[in-house]
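Colleague: A structural model of the following input is requested.
(2 chains)
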There are 2 protein chains.
Amino acid sequence: MEAMAVPFTREDYRHRMQRAAEDAAAEGLDGLLVTPGPDLLWLTGYQPTAITERLTLLVLRGDADPELLVPRLERPDVESAAGAEALAISDWRDGSDPYESAAALLREEGAYAVSDSAWAMHLLGLQRRLPKSGYWSVTDRLPMLRAVKDANELARMESAAEAADATFREIVKVAFAGRKETDVAADLARLLHEFGHEQVDFTVVGSGPNGANPHHEAGDRTILAGDMVVLDFGGLMQGYGSDTSRTVCVGEPTSQMREVHDIVRTAQQTAFEAVRPGIACQEVDRTARRVITEAGYGDHFVHRTGHGIGMTTHEPPYMVEGEVRPTVPGMCFSIEPGIYLAGQFGVRIEDIVTVTEDGGRRLNNTDRRLVIVE
Amino acid sequence: MEAMAVPFTREDYRHRMQRAAEDAAAEGLDGLLVTPGPDLLWLTGYQPTAITERLTLLVLRGDADPELLVPRLERPDVESAAGAEALAISDWRDGSDPYESAAALLREEGAYAVSDSAWAMHLLGLQRRLPKSGYWSVTDRLPMLRAVKDANELARMESAAEAADATFREIVKVAFAGRKETDVAADLARLLHEFGHEQVDFTVVGSGPNGANPHHEAGDRTILAGDMVVLDFGGLMQGYGSDTSRTVCVGEPTSQMREVHDIVRTAQQTAFEAVRPGIACQEVDRTARRVITEAGYGDHFVHRTGHGIGMTTHEPPYMVEGEVRPTVPGMCFSIEPGIYLAGQFGVRIEDIVTVTEDGGRRLNNTDRRLVIVE
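Modeller: Numbers count the residues shown, from 1 in each chain, chains lettered A, B, ... in the order given. Here you go, the predicted structure:
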């Protein structure tokens, strides 16, 4: 539906690695250690075919060029990555100690940020080899690493959101009553692919009481007339994530369903209106929670209000009590309050929002009022 | 093609957790900490829909019942897992500190093994909260955790291997010359699914010079008459892995191709014949390597000889120099020597082998001689 985004260039990767090294230095760290996953893909364009027990480690330091240590037999793959020319590449061979090779790139008493999802086995290997070194997670010390999107990234986020919106506009036309949740979930996956997603990560269809479990995916339950149905779906398009939720009703809702849906919609709207550069992330959570609590449903809003999104569908910044870091223009995150009534139904409404100089801008723009389906 | 294996029972999970706790105690550890992934699935039957930044942690101790800490909103999913009744379940709520909740289950100065693929972020959270505690990877301290398969697991391994063999017997009938590597790879994936795999993990088709990169998957190259083609494919069937490699020739091989293939076949056969209970894993590697080195190609065998396989396609034990732990009946691992001639071609021959009281038994049994395809 959208033109392909412009490919990221070697200069993009060089700039990202340089900024990350500078940010680490400004944070008082000796560097940033990155293993395969979204951080490595964002920084270098390199993604191994599988994340395995063999150590691959990017070392970014303020005082040296970026260096990527890889298993020798994966070296040809690395050399063809988009950011490879901005990197020095070294390798280790099966049967040798990869942590010995990694230690040669690190300081004995260095302080490093490390990718959240780096394997504990690898971190322990570095800690054993360099017992005086110290480590912190990226989320703890450099949570802004991928949080602020540039124009090329925002274009991809917008395309992904538009595809998710197109999916919602189609899904409300399909039959709900009499079909299983998994049937509707399959429709969602098909539509996301049709509208351009290369990867579908989740297709939640929570009908009736299943909607009261915020983590329910989709099951064998047959959807009935009168059910509220939570729909929450997304994935990756051109490498960037979508994630939107709407709650629909199969036929006529009860007055309680309308009331709960109105409260969630108001909470979502109020939290959205609170977004502006410089507020603490927890303010977004507090704002949504206040609306729901004042309406008497505070105990039924059992999760944080939102999460960052980019090359993964969950990443910093988190809109959660205790997250005092400020929002910054270019950040993208979900605002997704919900109310869950055990044994009855759930309601969740979710948009991806980006922070602008003036406030917030929604990337998802389908109707947030209660839609009736058949 | 095979009857479904018997489902694992609550008693299976209870037994596995008990044995793991006992093994940890025997190793001088206070316990074993397990995050989502193959260890958790094997121990409890529980697999969250996604592995995320939210901490899920199984704590196994010799002196207490198993306890699983989960995010509150994932609790309903856990409670429906096969092993849930053998567990105490506790939860933490968004906005609270999950490491505080985890620490309540651990000793201040405890020594723990932790899943290899646990997120570094979670390990760091525990280390900060309990600075006097100590951690080691499962591969480092409890590599036998899932290494020895019981009869029910071996039945699944055999089914997966038979499906991979059936795939090889069909793939040699398809056209190679004039088609792209990715076309043959798609055939491999289709066949693995048809023969019962629920997941395809890799379909390597390395033709001509691409075969000389042992980590090449499949690319746009059009396969030509005269090419050697490395085929290496596998995935999961009933939750257990397959992984086999054969190298075929498109039409008539050169004498060098025949010679190199014969050397690899002899190395694979010799290493297989070396397998018996109690030898060091590195002996399998040394045996294969000796054959290839004596034939003059030692510098071209650039990877270890094999890896364990079970619920993942790479896991301990590794058949690599330095791995002095002994083989034990019920272990399953690959024997996959190769020779890689840059710019020309590669040869790899791989079977999954299980250790029996008498020696080794191959689970893959297709022809290891050089097969000519069209």
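
Colleague: Confidence-wise, which helix or strand of chain A is lowest on average?
Modeller: Using mean pLDDT, DSSP states H and E, the weakest-scoring helix or strand in chain A turns out to be helix A:75-79, at a mean of 88.

Colleague: So is the following helix or strand past that one next to chain B?
Modeller: As assigned by DSSP states H and E, the chain's next helix or strand after helix A:75-79 is strand A:88-92. No: using Cβ under 8 Å from any Cβ of the partner chain, strand A:88-92 never reaches chain B; the gap is at least 10.2 Å. (C-beta placed from N, C-alpha, C; glycine too.)

Colleague: Tell me which other helices or strands strand A:88-92 touches.
Modeller: With contacts defined as 3 or more Cβ pairs under 8 Å, 6 or more residues apart in numbering or on different chains; DSSP states H and E, strand A:88-92 has these neighbours: strand A:67-71, helix A:75-79, helix A:98-103.

Colleague: what's the average pLDDT for that strand?
Modeller: Regarding strand A:88-92, the rounded mean pLDDT is 96.

Colleague: residues in contact with that strand?
Modeller: Around strand A:88-92, the neighbours that count as contacts under Cβ atoms under 8 Å, 6 or more residues apart in numbering or on different chains are A:55, A:65-72, A:75, A:78-79, A:98, A:101, A:105.

Colleague: Please point out which parts of it sit buried.
Modeller: The neighbour-count check on strand A:88-92 (16 or more other Cβ atoms under 10 Å in any protein chain shown) flags A:90-92 as buried.

Colleague: Sheet partners, orientation included, of that strand?
Modeller: Using DSSP bridges, the strands paired with strand A:88-92 are strand A:67-71 (parallel).

Colleague: Alpha carbons of the partner strand, in CSV - could you do that?
Modeller: C-alpha atoms of strand A:67-71 as CSV (Å, rounded to 0.1, in the frame of the first residue of the first chain):
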residue,chain,number,x,y,z
GLU,A,67,34.5,-3.8,16.0
LEU,A,68,32.4,-6.9,15.5
LEU,A,69,33.6,-10.2,16.7
VAL,A,70,32.0,-13.2,15.0
PRO,A,71,32.3,-17.0,14.7
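
Colleague: With only the CA atoms kept, save stretch A:134-141 in CSV.
Modeller: In CSV, the C-alpha atoms belonging to stretch A:134-141 read as follows (Å, rounded to 0.1, in the frame of the first residue of the first chain):
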residue,chain,number,x,y,z
GLY,A,134,30.9,-4.0,35.3
TYR,A,135,27.8,-4.4,33.2
TRP,A,136,24.4,-2.7,32.9
SER,A,137,21.5,-3.5,30.6
VAL,A,138,20.8,-1.1,27.7
THR,A,139,17.3,-0.5,29.2
ASP,A,140,18.9,0.5,32.5
ARG,A,141,21.6,2.8,31.2
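
Colleague: List of residues touching it?
Modeller: In contact with stretch A:134-141 (Cβ under 8 Å, 6+ apart) are residues A:24, A:27, A:29, A:32-33, A:39, A:110-116, A:123, A:126-127, A:145, A:316, B:53, B:120-121, B:124-125.

Colleague: What parts of the stretch 251-374 of chain A come near chain B?
Modeller: By the rule Cβ under 8 Å from any Cβ, the part of the stretch 251-374 of chain A lying against chain B is A:285, A:302-304, A:314-315, A:320-322.

Colleague: could these go into JSON lines alongside distance to A:Asp227?
Modeller: Shown next, in JSON lines, are these (distance: Cβ to Cβ, whole Å):
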{"residue": "A:Asp285", "distance to A:Asp227": "29"}
{"residue": "A:Val302", "distance to A:Asp227": "21"}
{"residue": "A:His303", "distance to A:Asp227": "22"}
{"residue": "A:Arg304", "distance to A:Asp227": "26"}
{"residue": "A:His314", "distance to A:Asp227": "28"}
{"residue": "A:Glu315", "distance to A:Asp227": "33"}
{"residue": "A:Val320", "distance to A:Asp227": "30"}
{"residue": "A:Glu321", "distance to A:Asp227": "32"}
{"residue": "A:Gly322", "distance to A:Asp227": "35"}
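
Colleague: Among those, name the buried ones.
Modeller: For those, a burial check counting by 16+ other Cβ under 10 Å picks out A:285, A:302-304, A:314-315, A:320-321.
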